[in-house]
Structure formats: C-alpha cells, structure tokens
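> got a sequence here, can you build the structure:
(chains A and B)
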Amino acid sequence: MTYFLDKAKQQIRESIAQALGREIDFNQLEITRPPDSAMGDFAVPCFYLTKLTRISPNQIAAELKNKIKLKAPLKSVQNIGPYLNFYFDDKQLAEKVIKEVTKGGEKYGSLSGDKEKVMIEYSQPNTHKEFHVGHLRNAVLGTALVNLYRFSGKKVIAANYIGDIGNHVAKCLWAYDKFHKDEPEPTEHKGQYLGKLYTDAVNLCAENEDYKKEADVVQKKLESGDKYFTVLWKKTRAWSLEEFDGIYKILGVKFDKFFYESEVEKPGKAIVADLLERKIATHSQGAVIVDLEKYNLKQFLLLKSDGSSLYSTKELALAKLKFEKYKVDASYVVVDARQSFYFQQFFKTLELIGFKKKTEHIAYEFVTLPEGAMSSRKGNVVLFEDLLKEATDLAASETTKRHTDWPAKELEIAAQKIALAAIKFAMLKTGRNNVITFELKEALAFDGFTGPYLQYTVSRINSILKKETAKNLTNVNFGQLVNHKEKELLVLLAQFSGVTKTAALTFEPSQLAQYLFEVAKAFSSYYQEIPILAAEPKTKEARLALIATVRQILVNGLSLLGIETLERM
RNA sequence: GUCCGCGUAGCUCAGUGGAUAGAGCAGUAGCCUUCUAAGCUAUUGGUCGCAAGUUCGAUUCUUGCCGCGGACACCA
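Prediction:
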C-alpha cells in the first residue's frame, strides 16, 4: 500500500533528480518538515547535494528552485538558505488525504505484503505471585507492539510464557503447606491470596536458612513428580491463571499461544545434557555452566548444583520450540531491561549451539515508586486491580459531574474505558528506555498529554458528526478547506502511516502516542476557532469530511495502543 | 570493578549532525447565552550534566569525567 504522502515525497525526490540532471541516492536525500508551517509543507536540506556537486547548499537550492518542475499535488517550491521548501496544492492535499482515509477506514494506515512471520512474546507473569503495575507496563507495551507489527503487514504470533514452575512456586507452596493448608480456601482473589503467601515465604526464607532449605526440597519434589505437591500445584496454578485471565480480559490483552515453563522444563534439561556431551557446557562447583568469559559475558548458569532447573534451562527448550514448531522467522521477547545481561548470555549460548535464527530482546525499563523499587518483600507493590479501581472511581466521579443524567450502566462502562485509557497511555507515552516512577496522581491525570484527553477529542467530534455528516465525498468541494489550521491538520494526518511504521520498527509505541497527541491538539485548537455546523453549507460539508478524517486517525491510532474510544464523555 | 540505560524548563518527558531547542503539568492573565471548558488563547521559565575531540556546523557523533538507576551463578 502506497499512501498519498509516500507518493508526494517520491515526487519531490524525482523532481530534484531531474532538475539536477543526475541520479541521486534517495535514501540520502531526507525530507523534513520546516520549523514553521508558513515556510512550507515539506523541506529538503541541500547538504547532501553539496557533497555530490561541490556547490554550496545555498547556491544549489537557489539554482534548483528555478529548474524544478512540479506536478500535482505539489504546487510551488521556495529556497530559503540551504533548504528547498515545497508547498502542496491545498485542494489536492485535502481531497487526496480525506478520500484515502475514508476509503481505508479502520484499516487506513496499515501496510501489507510483508511475508515475515514473527513471534512476539510478552507479559510472562509468574503464577503464585501478584500482578502489579510493573507487569502492566509489559502487557500494555507488548499489546501495542503486536498491534503495530500486524498493522505494518507482518504475520505475528502473540505469545505468553507463563512462569508456572520454579523456585517462586516452590516457596509459595511450601508456605501454603506449612502454615495454611487447614484454612478454608479463599473464594475470590485467589491469585492475590497466593501472592501474599509468596511474599511471606520470601521473608521467612530470607530470615531462616532452614526454611529456605525446606522450600528447596519442595522444588525438588515438584520436579520429580511428587504426588502431593503436584496436586497442590495444579490446583493453585489454576487460581493464578484464572486471575490472569480476568486481568487480560479487562485489559483487552490477547494471545495466540500460551507457553508454560512447566512444559519446557524436561526438554530443557535434555538440551543441557546434550550440551554437556558436546562439551559446550561444563560442570562448575556442581552446577552446569557455559563458559562465556572470552566474550566478556562471564559464566552462564544452566542448571543448579542440586540438579534442578533454572530460567535458562527452560528458555533453551522454548527457543527451539518457537522456531521448530511455529516456523517463525524471528522471535522478539519483551522483557524488563534488568534482564539484558542474561539475554546477552542466552543469545551467545544459542549462537554456540549453532542456532542461526533471529532472536531479539526488546528491553524496557521497569516501573518504580518514588520511595524506591517495588518489591514483594517490602509489600509496597501497586496491584493492578487496586490501581484500576481507584482510576475507575475517579473517572466515574468526573463523569458524574458533567453528566448528571447518564444511565448507571453507561456511566460504569465509560468510567472503566476512561480509567483504562489513562493507565495504558501513562505506560506508553514515554520511551522504553525511561524508568517510570509510578505516581498515582500522574497515572490518574485526565488532562494534557493523557489517554482521556485523546478520548475526549474523539467524543467531541462524535458529538458533531452525530448531528450531521458529509453524505457523499464526491460532492464535497475540498477547495473550501483553506484555513491554515485545516492545512496543518491535513499535513499531520497524512503522516499517520509513516508514524505507525516507524513506531513498529523501533518498537516504540510512544512515537505513536506523541503523534496522536499532536493531532488531538491541532484539532482542539481548530475546534475552538472554526465553527463547523454553523458554517456555510459547502464549507460545512468539507469541514465535516475533515473532522471525520481526524476521528478515523485518532480511533485507528488509539486502537493500536489498545485504547478504546467513547461515543460521548 | 566491568557492562547497560539515563542526565534537555521547577516537575514529567519529546526532539534533531544544520533554519529561532519543543510539549504536558505546575505558575500567571484571559475565554463557557455559540458544535462537550476532560477544552482553548496568551505568558513566565533552558550555559540541552562537565570537558576535550571529529566537522563548514554538535544539544545530537567519539572519548574521558561527574551524577542517578540497573545488571553482574544456583531468583526470574
């Protein structure tokens, strides 16, 4: 799919090559936006041309300005210093952009034809632990990445890899068995209940060496198929999975495939045995390691000295499974940046084994609290459920202030949508490399650069379009859209597809978030100044078509970020 | 100690090898008989951590230093 802006940019490049009378590397010839829209719609800095011709950038810009022959939709070109600034024909711009967005609808901006099949693994919660805002960032980021990748035309398998076994499970079950097995079973929030037990267990084991040993014995028993603990494990594991399922439903987070650590534990151990045989792995202090010293990656631990498995043991088998069974071309794993070193070791190990497939760690920084890191041990984690409740209550009270007459059901649905938008957007609006210091006040903000502001913008457009819409675009006179704010909006809208593509390739949904905010601001300013329904019929028709286009872009973009919009708010 | 990330306005963050470094929040001053004020307009606020180097040109690239956060074998 080639959109209007791509074609226009290509025309700019070709017109320059033609005027110059020689071939140029179009990849080197960048097309940017001037600092002020009055200076042009798009700009070409001429420094690259100077390299080719040895004529000063200012001079070559001046010469080319007179030689360039423009075709629609481009109207004119100006040279300002070392820049060639191009202007669109307003009517053409409006007509092309509005028509292609209208035609594309919810698919507008998407690309197709890419044959690559990738797996994006994310979320990876641990059973028997609590689901907090740290996990939330991963789930929200992963969802956005899956959406963006699909939008840019790739086949994506969204995968979850649930940590349903391991030392944390053993600790939780040890605590359950030792202190709680005679209690009545919890009837709700069973996952959270287990999380609490786990926290207690961590503290107890830290204080008491004997307790830690007991918990380790539980892990050994689990791995050797002990009946009692296996039954207990299956039951409690289901409690956690049920909780995750509920959270994913609320979040609108979906997976095509669930992997469980429990299913790759044995195959993982088999791989480790094979690596020992092949002398890629060796024994060290009773444990199994891969020596990566010569790559400056220390030693990579594959098996504990008591023979039980580690994360790495299982991940070896998982990597194999992904490529062999699911035949993906690339595997992306969305995991906290604190695991970067581990992944370097892991990828190097795969390389030594002879694995040639593309695997990449999509690292993001963690979520912390103003008073320091969240930790189950300190009991200062912010649970997703608590955060959602707080946000929903606030959204409900804000909505009630504005609409005293809304039916209870609509109020309830709206409050949750607004709350989720606020929370998700807060997680997505900054780049992956930023540590998010979680502050409730900020997560619950509904104005400025927030999800609710974007939803509000859509609702305002809805409110107009509910009264009247442009019936048939063939009769619309696009020449009516001459206001500079209309022009600004159109140029912005035309960039949507490019933004989503870059956001996908760089694994940075924040770029889309920033862009959508710009669109919303441009619309709000326009909305304030320019009457739509009260305009002359012809003008009104064109403006209605324009704002429907703005809505489509905002809805499409928000949906990629996993954020729903509301009919009214 | 080694490695990774970050350091831009009071706070939270965009941004770019080149045209006057931008937003949001907070502050100040305005705007609701007119399409939803979760909004808009104006305005205050910056030696882009410090130093050197590469370059016609560095906040952006390189190196060193400083500060903050993180990782560095039996957790995941």
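
> what secondary structure does residue A:332 sit in?
State at residue A:332, reduced to three classes by DSSP: H, G, I helix; E, B strand; the rest coil: strand.

> gap between it and RNA strand B?
Going from residue A:332 to RNA strand B by C-beta to the nearest atom of the strand, to the nearest Å gives 17 Å. The way it works is simple: take the backbone N, C-alpha and C, and place the C-beta from them, glycine included.

> just give me the neighbour total for that residue.
By other C-beta atoms under 10 Å, the residues close to residue A:332 number 23.

> all strands of the stretch 1-150 of chain A, in order?
For the stretch 1-150 of chain A, the strands defined by DSSP state E, counting those that start in this stretch cover A:42-45, A:74-80, A:83-88, A:117-121.

> number of nearby residues for residue A:395?
Using other C-beta under 10 Å, residue A:395 has 24 other residues around it.

> I'd guessed it sits against residue A:418; true?
Yes. Taking contacts as C-beta atoms under 8 Å, residue A:395 lies within contact range of residue A:418: 3.9 Å.

> does residue A:519 touch residue A:556 like I think?
No. Residue A:519 lies out of contact with residue A:556 (C-beta under 8 Å); the separation is 10.8 Å.

> for the stretch 451-569 of chain A, which spans come out with low pLDDT?
For the stretch 451-569 of chain A, applying pLDDT under 70 flags no range at all.

> ok and the residue in the stretch 301-450 of chain A nearest RNA strand B?
Taking C-beta to the nearest atom of the strand, RNA strand B has its nearest neighbour within the stretch 301-450 of chain A at residue A:448, 2.3 Å off.

> report pLDDT for residue A:49.
Confidence at residue A:49, expressed as pLDDT, is 89.

> could you do the one 5 residues further on as well?
On pLDDT, residue A:54 comes in at 81.

> burial count for it?
So residue A:54, with other C-beta under 10 Å, has 8 neighbours.

> from RNA strand B, how far off is it?
For residue A:54, the distance to RNA strand B equals 12 Å [C-beta to the nearest atom of the strand].

> report pLDDT for residue A:131.
pLDDT recorded at residue A:131 is 93.

> can you check residue A:202 too?
Per-residue confidence for residue A:202 comes out at a pLDDT of 89.

> what helix or strand does it sit in?
For residue A:202, the enclosing helix or strand under DSSP states H and E is helix A:190-207.

> in that helix, which residues are buried?
Within helix A:190-207, the residues scored as buried using 16 or more other C-beta atoms under 10 Å are A:190-205.

> follow-up on the earlier one: what sits in contact with each of residue A:395 and residue A:418?
Taking C-beta atoms under 8 Å, 6 or more residues apart in numbering as the criterion, residue A:395 and residue A:418 both touch A:446, A:452.

> mind checking the SS state of residue A:161?
strand.

> isn't it right up against residue A:124?
Yes. Residue A:161 lies in contact with residue A:124 (C-beta under 8 Å); the separation is 4.8 Å.

> give me the three-state assignment for the closest residue to residue A:170 other than its chain neighbours.
Counting by C-beta to C-beta, 6 or more residues apart in numbering, residue A:219 is the residue found nearest to residue A:170 once chain neighbours are left out, at 3.6 Å. Residue A:219 falls in the helix class when you classify it by three-state DSSP.

> from RNA strand B, how far out is the closest residue to residue A:114 other than its chain neighbours?
Nearest residue to residue A:114, sequence neighbours excluded (C-beta to C-beta, 6+ apart): residue A:153, at 3.7 Å. For residue A:153, the distance to RNA strand B equals 23 Å [C-beta to the nearest atom of the strand].

> same question for residue A:165.
7 Å.

> how about that residue, secondary structure?
With three-state DSSP as the criterion, residue A:165 reads coil.

> out of residue A:161 and residue A:124, which sits in the busier spot?
residue A:161 (23 against 20).

> so what's that one up against?
By C-beta under 8 Å, 6+ apart, the contact set of residue A:161 is A:121, A:123-124, A:258-261, A:318.

> what's the pLDDT at the residue in the stretch 51-200 of chain A that RNA strand B sits nearest to?
Closest residue of the stretch 51-200 of chain A to RNA strand B, C-beta to the nearest atom of the strand: residue A:166 (2.6 Å). We have a pLDDT of 88 for residue A:166.

> same thing with residue A:110?
Predicted confidence (pLDDT) for residue A:110: 97.

> got it, and residue A:152?
pLDDT for residue A:152: 95.

> for it, give its distance to residue A:560.
Residue A:152 sits 10 Å away from residue A:560, taking C-beta to C-beta, to the nearest Å as the criterion.

> hey, what's in contact with both of those two?
Shared contacts of residue A:152 and residue A:560, defined by C-beta under 8 Å, 6+ apart, are found at residue A:500.

> which one of these two has more residues nearby?
Neighbour tally, residue A:152 and residue A:560, criterion other C-beta under 10 Å: the higher count belongs to residue A:560, 25 against 21.

> for residue A:512, which non-adjacent residue is spatially closest?
Counting by C-beta to C-beta, 6+ apart, the residue nearest residue A:512 is residue A:503, at 4.4 Å.

> count the residues that sit near residue A:461.
24.

> great, nothing more from me.
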